[in-house]
Structure formats: C-alpha cells, structure tokens
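> the following comprises the amino acid sequence and a computationally predicted model.
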Amino acid sequence: MKSKKTVAVIGCSFSKWHNSSVKNWPQYFSGLAPQCNVYNFSQYINSNSLQYLQARHILENKNYNVLILQWTTFGRITFLKQEEKMLETLLHKRLEKKGQNYYEYPDCDYYGFDDFGVMHINPGSIDRVSKKYRNVVEKMWTEVVGTNGFGSGELREAMQHHIQHLAKKNNKALLQFQWLDDTSQDQEVDFIVDNVYPLKEYSIDEGFHFGNKGNILLSEYINKKVSPLL
C-alpha cells in the first residue's frame with residue numbers, strides 16, 4: 001500500500017479557530033487532498049516568532065512533503081519555558097485526529113502557560129494579565145515589541161526570507177502566505193489572503209476570521225498551489 005504524503009500547516013487562529021464551530025481551511029483542504037495526511041500545528045494568538053521556530057524546526061529536522069506557513073499579524077509575543085523540548089512536544093505530540101486524514105491540537109487555556117509550556121500574548125490580552133504584572137508587561141510591550149522590536153513587521157519579513165532560504169537549502173517544498181496585507185513590498189510570501197479574498201467581504205467577526213464560505217474558497221486556492229509540490 002502506497003504511503004500517504006504529509007503536509008504540515010503552521011499559523012494562528014486564522015488557520016485554527018479556538019472553540020469554533022466553523023471548519024477551518026486546513027480541514028477543508030484535507031478533504032481536497034485525500035492522498036495526504038494534514039497536520040495542523042496552528043494555535044490561537046500564535047506569534048510570528050514562534051511560527052518561525054516551528055517552521056525552522058520542521059525544515060531542519062522533519063520530513064513533511066510540504067510545509068504551509070501562514071504568517072500572522074505583528075505585535076505578538078510568545079513565552080517558552082524550554083525551547084527545544086517545547087518544539088518537539090508542540091510539533092509531534094498530542095495531535096488529535098479530527099477527520100479521516102486531518103489532525104490538530106486540542107483547545108487549551110491560552111491566557112497563561114498551557115501544558116505545552118507556551119504562553120501567547122497580543123495587545124488585546126494584556127488586560128487578562130494579573131494586576132501584579134500588568135505594568136511590567138505593558139512596559140515590555142512598548143520597549144521590546146514595539147515598532148522596531150521582535151514583534152515588528154520588518155523582523156517578520158526577515159524571518160520569511162530565512163525560512164525561504166532554509167527550504168531551498170534542505171530541498172523542502174514550502175508555501176508561505178500572509179493573512180493580512182500589513183507589510184511592505186519586500187515580503188517573501190506566495191500570496192496575501194486579503195488580496196485574493198478580501199477580508200471585509202469574507203470575514204465573520206472583528207478578528208478577520210473567515211466563515212465556512214471563505215475557508216472553502218481559500219482551501220481550494222491553496223490546493224491548486226500545493227498540488228504541484230506533492
């Protein structure tokens with residue numbers, strides 16, 4: 001029996017909603033690619049810095065046939081307890097089978113260190129930080145993340161270029177895209193969702209998440225781009 005191809009997906013809640021009844025685009029994509037097992041490593045409030053570490057770890061250490069990387073918005077940060085141990089756990093354990101050929105993470109508590117050893121924070125989640133630490137987090141946000149910090153758009157572009165370099169170096173198939181059109185012209189991505197399927201038309205909430213209609217269309221679009229890579 002011929003073994004299935006494998007596709008890894010990394011992204012934020014745009015690619016894996018938190019406690020949502022809406023099917024995400026990787027789920028629909030798995031139905032269009034029955035010859036593949038689709039592993040969705042996306043997380044709610046995921047940051048570009050963690051997505052970069054996840055992608056680098058896959059490209060340097062794993063043998064997925066294709067990596068699909070959905071970069072998130074900038075201005076987010078992730079705290080890790082133990083980087084290498086976390087990456088191995090985060091990428092290869094506790095995935096739940098949600099379809100015939102589709103796997104994803106279980107929903108977790110994302111407002112503290114979860115049992116993966118990860119804590120994601122974006123500007124909107126600062127209010128959930130305890131009062132004891134809130135001033136420290138706000139100051140860190142201003143001085144460390146900020147416009148030029150490690151949550152900036154410029155650094156995201158640098159990470160995109162390095163991931164593209166690693167894919168070529170390790171002879172791995174890669175599809176990179178952005179969800180929002182919030183970047184300069186120097187990005188190393190294959191497409192931007194907002195330029196293909198306008199978010200204002202297909203989003204169903206203030207966080208610019210797609211409903212089933214938008215996710216179906218996006219899965220079909222991605223399938224056309226991924227099929228030649230398999």
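Now that the structure is in, tell me what you want to look at. Numbers count the residues shown, from 1 in each chain.

> just so I have it, where are all the strands in this protein?
5-10, 36-40, 66-71, 77-80, 96-99, 102-104, 118-121, 173-178, 191-192 (DSSP state E).

> any idea which of those scores lowest on pLDDT?
Here the lowest mean pLDDT among those goes to strand 118-121, at a mean of 62.

> ranges for the helices of this protein?
For the chain, helices defined by DSSP state H occupy the ranges 25-32, 48-61, 83-92, 131-140, 153-169, 193-196, 199-202, 212-226.

> quick one on the thing from earlier: just the strands of the chain: most buried one?
Of all the strands of the chain, strand 66-71 carries the top mean neighbour count, a mean of 26, counting by mean count of other C-beta atoms under 10 Å. Bear in mind the C-beta positions are built from the backbone N, C-alpha and C, glycine included.

> just the helices of the chain: most buried one?
Counting by mean count of other C-beta under 10 Å, helix 25-32 has the highest mean neighbour count of those, with a mean of 23.

> adding distance to Trp25, write the strands of the chain out as a markdown table.
Below are the strands of the chain laid out as a markdown table (distance: least, C-beta to C-beta, whole Å):
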| stretch | distance to Trp25 |
| --- | --- |
| strand 5-10 | 9 |
| strand 36-40 | 10 |
| strand 66-71 | 9 |
| strand 77-80 | 22 |
| strand 96-99 | 13 |
| strand 102-104 | 11 |
| strand 118-121 | 20 |
| strand 173-178 | 11 |
| strand 191-192 | 13 |
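
> ok, which of these comes nearest His209?
In terms of C-beta to C-beta, the element of the strands of the chain nearest to His209 is strand 66-71, at 12.2 Å.

> quick one, that closest one and helix 212-226 angle?
130 degrees (axes from the mean of the first three to the mean of the last three C-alpha atoms, to 10 degrees).

> any idea how far strand 66-71 is from the chain center?
7 Å (C-alpha atoms, centre = their mean, to the nearest Å).

> out of the helices of the chain, which comes closest to Phe177?
That would be, of the helices of the chain and by C-beta to C-beta, helix 193-196, which comes in at 6.4 Å.

> the bottom helix or strand of the chain by mean pLDDT?
Least confident element among the helices and strands of the chain, by mean pLDDT, DSSP states H and E: helix 83-92 (a mean of 60).

> what sits against Asn195?
Listed by C-beta atoms under 8 Å, 6 or more residues apart in numbering, the contact set of Asn195 reads Asp181.

> where are the low-confidence patches of this structure?
Residue ranges of the chain with pLDDT under 70: 1, 19, 79-93, 107-130, 137, 140-153, 183-187.

> ok so, going back, of the strands of the chain, which is nearest Leu166?
strand 173-178 (8.5 Å).

> can you list the strands that that closest one pairs with?
When pairing is defined by DSSP bridges, strand 173-178 lines up against strand 66-71 (parallel), strand 191-192 (parallel).

> could you dump those strands into CSV with distance to Ala167 added?
Below are these laid out as CSV (distance: least, C-beta to C-beta, whole Å):
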stretch, distance to Ala167
strand 66-71, 7
strand 191-192, 16
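
> nearest to Asn46, of these?
Nearest to Asn46, of those and by C-beta to C-beta, is strand 66-71 at 9.2 Å.
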